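K.L.:
got a sequence here, can you build the structure:
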Amino acid sequence: MNIYVEFERLLNFGLKHKLFEKEDITFMRNSLIELFKLDEYIITEVEDEDLENITPVMDNLLNYAYKVGILESNSPIYRDLLDAKIMALLMPRPSQVINKFNRFYEFNEKDATDYLYSLSKSCDYIRISRIAQNITWKTNTKYGDIDITINLSKPEKDPKAIAAAKNIKSSSYPKCLLCKENVGYAGRVNHPARQNLRVIPFKLQNEEWNLQYSPYSYYNEHCIVLSSEHVPMVISKSTFDRNLEFVEKFPHYFIGSNADLPIVGGSILTHDHYQGGRYEFAMSKAEDVYDIQIQGYEDIKISMIKWPLSVIRIKGKDRHRLSILGEKILNHWRNYSDENVGILSHSDDTLHNTITPISRKREGNFELDLVLRNNRCDENYPDGIFHPHKELHHIKKENIGLIEVLGLAVLPARLKEELTKIKEFLLDSSKEYNMKEDESLIPHLAWFNEIKEKYNYIDKKNIDSIIEDEVGFVFEKVLEHCGVFKWDEDGKKAINKYLDSLKLFAGEEKTHEV
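P.N.:
Numbering: from 1, shown residues only. Predicted coordinates:
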């Protein structure tokens, strides 16, 4: 391999994707030979190529770096630290990105986000080639077409990095992965490099917030909106105000927040942040089941939608009015209990009820979806009453956060191999007895037998669609377990009881099924 050929391929890619200008080429070449500890640069002609992403070139550069001793370990974590450093050499300064974004925004907000999204992909901050490894499909359910993803994109920690992390001096900088101080940070074995990260500061409710994209996107233009302050997540009227103002500024995006309590919240509760993007989930298409009318809010359409989780949808022209009503619904829910269906708002002083909010702007109206959540546990359900129950853990046992609430399953990588084995056993019943000898498949046994009984004929032509559907149906049950009100007769009675209580809290009583 000729290292100078790879340098030129890298620079050609950067020029094509407008990471820098022609006038920067000499500076870029000298930066590369400094990083790779070379004394000279041999300019080499290379063929023009149309690379979808920089991964093929980067792999060659990293392999070379390991061969000559620049890269300490040829493992994903060490390779990621160096590739971010390489791409950082080609990147415009944060101020340049911010200024260009704002110039685009003056004319069209879509052009602005298109620019930042394209930049984030081109510089390999968004790991396009890894995201492509994810296994994805849709399953048609009684709630619509839900999205299923087996997540194969995030690198696993290697033993050398784990050992090295133990010897690293404890650091509180940056305080977490969501702090704005990550921009340009070189990273370490226990904290990813962010030298190729660029964020856009902007105002929400006169506070400084920042827009960036997720490096491991689960859907189109998966963005993160994070506070400039390292403050914990709290669901409040301010949350609704910020989210609704965001979709006013970026009406082509939705935005939502994880809940602010353990079990029903996201993986990072210590830094206030939201997630959004340019994608329509099954939940956004859910139809109204109950129309709700509250005195004083005749200008707002209020409904409960047909979704496995319990969702109040409010929409209208005035986002400030939606936020005021949203606060009333939140305050009422925080203290609402119905022991008949297992809902207790508190255990002594411990709060259990909260909301997962989602905002969007559609056909000139603001929409605010308020998903009712409860994180209580008991002896029968130690992981959570309104959490995936144990019989579903063979597919999904992790917390159900914002993305799953919307109707997108993020499933563990182990399922790729486990489902492949299950297919083999379904196709060849003579080997079925071996299934019990495989520890990874024991949790799937009951499900396996259900599939066998359900389908009269399974062959190589239909096995993939059968397994995909059955995984989707398990996720459908996962979401139903998380719903505080079920759609059976007892659940409908509980819904009516709740809505009557809500209307007494906020206004007049009047509910009818659509």
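
K.L.:
assign Y381 to helix, strand or coil.
P.N.:
coil (DSSP: H, G, I helix; E, B strand; the rest coil).

K.L.:
which residue, neighbours along the chain excluded, lies closest to it?
P.N.:
H389 (6.4 Å; Cβ to Cβ, 6 or more residues apart in numbering). In this view, the C-beta of every residue, glycine as well, is placed from N, C-alpha and C.

K.L.:
cool, and S303?
P.N.:
Leaving aside its sequence neighbours, S303 sits nearest to D288 (Cβ to Cβ, 6+ apart; 3.9 Å).

K.L.:
next up, phi/psi of the one you found, please.
P.N.:
Main-chain dihedrals, D288, degrees, to the nearest 10: phi -70, psi 140.

K.L.:
contacting residues around the residue nearest to Y381?
P.N.:
Counting by Cβ atoms under 8 Å, 6 or more residues apart in numbering, H389 makes contact with Y381, D383, H481.

K.L.:
let's see that with 10 Å instead.
P.N.:
N380, Y381, D383, K397, K477, V478, H481, C482 (Cβ atoms under 10 Å, 6 or more residues apart in numbering).

K.L.:
tally of neighbours for L177?
P.N.:
A count of nearby residues for L177, using other Cβ atoms under 10 Å, gives 16.

K.L.:
quick check: end-to-end length of stretch 223-243?
P.N.:
Start-to-end span of stretch 223-243 (Cα to Cα, to the nearest Å) is 13 Å.

K.L.:
quick one, phi/psi of E327?
P.N.:
phi -60, psi -40.

K.L.:
cool, and L211?
P.N.:
The phi and psi values for L211, taken as degrees, to the nearest 10, are phi -110, psi 130.

K.L.:
how about the nearest residue to it, chain neighbours excluded?
P.N.:
Counting by Cβ to Cβ, 6+ apart, L211 lies nearest to I200, which is 4.4 Å off, once chain neighbours are set aside.

K.L.:
what of D48?
P.N.:
N12 (7.2 Å).

K.L.:
report the secondary structure state of the one you found.
P.N.:
Assigned state for N12: helix (three-state reduction, three-state DSSP).

K.L.:
change the start of the numbering to 414 and stick with it
P.N.:
Right, with 414 as the first residue, what we last looked at is N425.

K.L.:
so how far is I908 from it?
P.N.:
Distance of N425 to I908, given as Cβ to Cβ, to the nearest Å: 60 Å.

K.L.:
next: N512.
P.N.:
The spacing between N512 and I908, counted by Cβ to Cβ, is 51 Å.

K.L.:
look at the two and report which has more neighbours.
P.N.:
Neighbour count, other Cβ under 10 Å: between N512 and I908, I908 has more, with 21 against 12.

K.L.:
may I have the helix or strand harbouring that one as CSV, with CA atoms only?
P.N.:
Assigned by DSSP states H and E, I908 falls within helix 902-919. The C-alpha coordinates for helix 902-919 follow below in CSV (Å, rounded to 0.1, in the frame of the first residue of the first chain):
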residue,chain,number,x,y,z
GLU,A,902,-62.5,-3.9,29.0
ASP,A,903,-60.9,-3.3,32.4
GLY,A,904,-58.4,-0.9,30.7
LYS,A,905,-61.1,1.0,28.9
LYS,A,906,-63.0,1.5,32.2
ALA,A,907,-59.7,2.7,33.8
ILE,A,908,-59.2,5.1,30.8
ASN,A,909,-62.6,6.6,31.3
LYS,A,910,-62.0,7.0,35.0
TYR,A,911,-58.7,8.7,34.4
LEU,A,912,-60.2,11.1,31.7
ASP,A,913,-63.1,12.0,34.0
SER,A,914,-60.6,12.8,36.8
LEU,A,915,-58.5,14.8,34.3
LYS,A,916,-61.5,16.9,33.2
LEU,A,917,-62.5,17.6,36.8
PHE,A,918,-58.9,18.8,37.4
ALA,A,919,-58.9,21.0,34.3
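
K.L.:
helix/strand/coil for D654?
P.N.:
Assigned with three-state DSSP, D654 falls in the helix class.

K.L.:
repeat that for the one 4 residues further on.
P.N.:
Classification of E658 into helix, strand or coil gives helix, according to three-state DSSP.

K.L.:
burial measure for it, as a count.
P.N.:
22.

K.L.:
kindly report the same for the one 10 residues further on.
P.N.:
Burial of I668 is recorded as 25 neighbouring residues (other Cβ under 10 Å).

K.L.:
who's in contact with it?
P.N.:
Neighbouring residues of I668 by Cβ under 10 Å, 6+ apart: 617, 636, 638, 655-660, 662, 687-690, 770-774, 815.

K.L.:
is the residue nearest to L624 in contact with N515, as I believe?
P.N.:
Yes: I613 is within contact range of N515, at 7.9 Å (criterion: Cβ atoms under 10 Å).

K.L.:
who has more neighbours out of these two?
P.N.:
I613 (21 against 13).

K.L.:
and that one, how close does it get to E740?
P.N.:
As judged by Cβ to Cβ, I613 and E740 stand 28 Å apart.

K.L.:
dump the residue contacts of L484.
P.N.:
Going by Cβ under 10 Å, 6+ apart, L484 touches L474, L475, N476, Y477, A478, Y491, R492, L494, L495, D496.

K.L.:
mind putting the residues you listed in a markdown table, pLDDT included?
P.N.:
Listed next are these as a markdown table, based on pLDDT from 0 to 100:
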| residue | pLDDT |
| --- | --- |
| L474 | 98 |
| L475 | 97 |
| N476 | 97 |
| Y477 | 97 |
| A478 | 97 |
| Y491 | 95 |
| R492 | 95 |
| L494 | 96 |
| L495 | 97 |
| D496 | 96 |
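
K.L.:
neighbour-wise, which of these leads?
P.N.:
Highest neighbour count within those: L474, with 25 neighbours (other Cβ under 10 Å).

K.L.:
okay, strands next: where are they in the stretch 414-563 of the chain?
P.N.:
548-554, 557-563 (DSSP state E, counting those that start in this stretch).

K.L.:
highest average neighbour count across these?
P.N.:
strand 557-563 (a mean of 20; mean count of other Cβ atoms under 10 Å).

K.L.:
and the angle from the longest helix anywhere in the chain to helix 902-919?
P.N.:
In the chain, with assignment by DSSP state H, the single longest helix is helix 876-895. Relative orientation of helix 876-895 versus helix 902-919 (axes from the mean of the first three to the mean of the last three Cα atoms, to 10 degrees): 50 degrees.

K.L.:
quick one, helix 876-895 and strand 557-563 angle?
P.N.:
110 degrees.
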